[in-house]
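1. Model the following, please.
(one chain, ligands or ions: 1)
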Amino acid sequence: MRTTDSHQGDSTAATPFDTDVVVIGAGPTGLLLAGDLAAAGLDVTLVERRPAGHSNLTRAFGVHARTLELLDTRGLADALEATGTPLTRMRLFGRLSLDLGRLPSRFDHLLITPQYEVERLLERRAADNGVTFRHDTALHALHQDADGVTAELTGPGDAPLTLRARHLVGTDGHRSTVRAALDLPFPGTSVIRSIVLADVRLTDEPAESLTVNGSGDTFVFIAPFGDGWYRVMGWDRTRQVPDSEPVDLDEVRDLARRALGTDHGMHDARWISRFHSDERQVPAYRVGRVFLAGDAAHVHSPAGGQGMNTGLQDAANLSWKLAAVLRGEAPDPEALLDSYQSERHPVGAMVLRSSGALVRLAMAHTPLTRALRAVAATALGALRPASAKALGMISGLGIAYAPTPGGGRASGRRAPDVPLREGRLHELLRAGEFVLIAPEGATQALPPFAPTTAARVVRATWTDPARRTTALVRPDGYVLWSAR
Ligand SMILES: Cc1cc2nc3c(=O)[nH]c(=O)nc-3n(C[C@H](O)[C@H](O)[C@H](O)COP(=O)(O)OP(=O)(O)OC[C@H]3O[C@@H](n4cnc5c(N)ncnc54)[C@H](O)[C@@H]3O)c2cc1C
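-> Predicted structure coming up:
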């Protein structure tokens, strides 16, 4: 749906739009967003600094249940599941074993799979939906006015290029040029330095599939990729050196022996590096016609494996809102676009707090903080509501948004994958539209605040004839409105 409208810039000459939305950065967040917008019929250009075919290194390796649900609503989850290993238990600090098998989802596990597998599927979907990729091209400046955004880019061979779009989204990672161009701060601190990372093979497999433990001055985390390779991450209080300091497998082995009592016979490292981790969040996810999502908006410690998952959920929250506004279906476009900030900024802040708390527990070393860690781990393991809440937050299934005014009791909550006459709810959401679930025979009108049209809504019926409620589910799988 390329818009051919024109705008009045500084000169009186009308400038046509080159594309509806320009997305900067083809990491997981940008790929999901661009694919969604194109699936909604918009003209989308995805700009990526890397040349085509150059994948990012595998940083993330865990896909949580809520993200798997979002991928299921795009028909991608089963293909992703085939690339990895489901992990149903986690052992933390030697004593706390978290049972992911209790998660109330079709995906009752954490899927261990490399980030590039997620990107590969999202990239193919984006291309199939007609996204225009501009690889080897980097954004260096942007200007916005009342009608649109102009992106100044440098293409292959340093050729200058200008793209004019109605909206621009910065999914360009933690060093975001878009964020800098908006002159936004990225306040926060470095939470942990000198973390070593190694992808290795093991002679002795750990008893628990995901293990985290520490001696007070060290901690080590091991998780299987499922194909014989393991991701090891470790930290040593007594060896705090810059990221540039070389790291070898002996250092990782020694660290594992001190933290876990064994190095599990690590060998054949295919990737070793040293990095630090910041906790930062931008105060505004939206400035006029420009949005920030994923690592461009928030970064935090890798504890809990939340980064990529949170970015993908940002994208799923923003894409249908932008599509509804650009298709002219939102009764109050400004309020709908602002709800991206009011819904996702608090989630980002919560992830910063929870992943920061986990990493600080792992780094605990005074007798008092170690005792507190033991108490926290025991309480979390023993108290079902506490561990269910922790699991809800880590898996993303427990995330809910503020109810829509007049939206009813269930408004803002995640809609579980209920069976309906027409199929599973999450299958019906693959249309990328709202789903209206009503009792058999009911003719239900949409509430006036629904940012969609009756013609687009997918209509469905409860399988249970006793259910008398009506629910309008947003394209991102949260309830907009429910009524009896
Ligand atoms: C060791 C490690 C382990 C991790 N483990 C996990 C995990 O288990 N689970 C999890 O959820 N997360 C994990 N993460 C975090 C996860 O990798 C990131 O959160 C995720 O990659 C963010 O995705 P993104 O698309 O927002 O940004 P990125 O993946 O950083 O993508 C940004 C893209 O923008 C491009 N770009 C940048 N600037 C420009 C520009 N000016 N013009 C054009 N293109 C540009 C870049 O080339 C890049 O491709 C881990 C991170 C690390 C370091």
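
2. Would you point out which residue of the stretch 301-450 of the chain is nearest the ligand?
-> Nearest to the ligand in the stretch 301-450 of the chain, going by Cβ to the nearest ligand atom, is G307, at a distance of 2.5 Å. The C-beta positions use only the backbone N, C-alpha and C, and glycine is treated the same way.

3. Work out for me the element the residue lying closest to A77 once chain neighbours are set aside sits within.
-> The shortest distance from A77 to any residue other than its chain neighbours is 4.2 Å, reached at L71 (Cβ to Cβ, 6 or more residues apart in numbering). Here L71 sits within helix 65-72, counting by DSSP states H and E.

4. what does A400 give?
-> Counting by DSSP H and E, no helix or strand carries A400.

5. can you check W481 too?
-> W481 belongs to strand 479-483, assigned by DSSP H and E.

6. what pairs with that strand, and is each one parallel or antiparallel?
-> Strand pairing for strand 479-483, using DSSP bridges, gives strand 470-473 (antiparallel).

7. doesn't H426 make contact with D417?
-> Yes - the criterion here is Cβ atoms under 8 Å, and D417 meets it with H426 at 4.4 Å.

8. CA atoms only for the strand holding W481, dumped as CSV, please.
-> These are the backbone C-alpha positions of strand 479-483, laid out as CSV (Å, rounded to 0.1, in the frame of the first residue of the first chain):
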residue,chain,number,x,y,z
VAL,A,479,-7.8,-8.9,25.0
LEU,A,480,-9.0,-5.4,23.9
TRP,A,481,-12.5,-5.8,25.1
SER,A,482,-14.7,-8.5,26.7
ALA,A,483,-18.4,-8.4,27.7
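
9. Contacts for it next, please.
-> Identification of contacts with strand 479-483 by Cβ atoms under 8 Å, 6 or more residues apart in numbering yields 404, 406-415, 434, 447, 449-450, 469-474.

10. any idea how far it is from the chain center?
-> Offset of strand 479-483 from its chain centre (Cα atoms, centre = their mean, to the nearest Å): 24 Å.

11. returning to what we had before: going through the contacts of strand 479-483, which ones are buried?
-> 404, 407-408, 410-415, 434, 449-450, 470-474 (16 or more other Cβ atoms under 10 Å).

12. now the strands for the stretch 251-400 of the chain?
-> Secondary structure of the stretch 251-400 of the chain (DSSP state E, counting those that start in this stretch): strands at 267-281, 286-287, 290-292, 298-299.

13. what do you get for the stretch 51-200 of the chain?
-> 62-63, 85-87, 89-92, 96-99, 110-112, 132-134, 138-144, 149-154, 160-170, 188-201.

14. do the first one and the ligand meet at all?
-> Just to be clear, that refers to strand 62-63. Yes - using Cβ under 6 Å from any ligand atom, strand 62-63 reaches the ligand at G62.

15. Report all helices and strands that that strand contacts.
-> Packing partners of strand 62-63 (3 or more Cβ pairs under 8 Å, 6 or more residues apart in numbering; DSSP states H and E): strand 110-112, helix 307-326.

16. circling back: which helices and strands sit right next to the helix holding L71?
-> Counting by 3+ Cβ pairs under 8 Å, 6+ apart, helix 65-72 packs on helix 77-81, helix 307-326, helix 425-428.

17. which secondary structure elements does the second one contact?
-> Applying 3+ Cβ pairs under 8 Å, 6+ apart, one finds that helix 307-326 contacts strand 19-24, helix 28-39, strand 62-63, helix 65-72, helix 115-128, strand 160-170, helix 333-362.

18. Same question for the shortest one.
-> Other helices and strands packing on helix 425-428, by 3+ Cβ pairs under 8 Å, 6+ apart, are helix 65-72, strand 435-438, strand 458-461.

19. For S244, find the nearest of these.
-> Among the helices and strands packed on helix 425-428, the nearest to S244 by Cβ to Cβ is helix 65-72 (32.7 Å).

20. got the residues of the stretch 201-350 of the chain near the ligand?
-> Within the stretch 201-350 of the chain, the positions near the ligand by Cβ under 6 Å from any ligand atom are F275, G294, D295, P302, G305, Q306, G307, M308, N309, G311.

21. Counting neighbours, which of those residues comes out on top?
-> Ranked by neighbour count (other Cβ atoms under 10 Å), these have G294 at the top, with 30 neighbours.

22. what sits against that residue?
-> 25, 27-30, 171, 173, 308, 310-312, 314-315.

23. Let's have the residues you listed in a markdown table, adding pLDDT.
-> Listed next are these as a markdown table, based on pLDDT from 0 to 100:
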| residue | pLDDT |
| --- | --- |
| G25 | 98 |
| G27 | 97 |
| P28 | 97 |
| T29 | 98 |
| G30 | 98 |
| T171 | 98 |
| G173 | 97 |
| M308 | 96 |
| T310 | 97 |
| G311 | 98 |
| L312 | 98 |
| D314 | 98 |
| A315 | 98 |
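
24. Nearest to S339 among those?
-> Nearest to S339 among these: D314, at 12.7 Å, using Cβ to Cβ.

25. if we can go back for a sec, could I get the strands of the stretch 51-200 of the chain as TSV with mean neighbour count?
-> Converted to TSV, these look like this (neighbours: other Cβ atoms under 10 Å):
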stretch	mean neighbour count
strand 62-63	26
strand 85-87	17
strand 89-92	20
strand 96-99	17
strand 110-112	26
strand 132-134	19
strand 138-144	17
strand 149-154	20
strand 160-170	22
strand 188-201	18
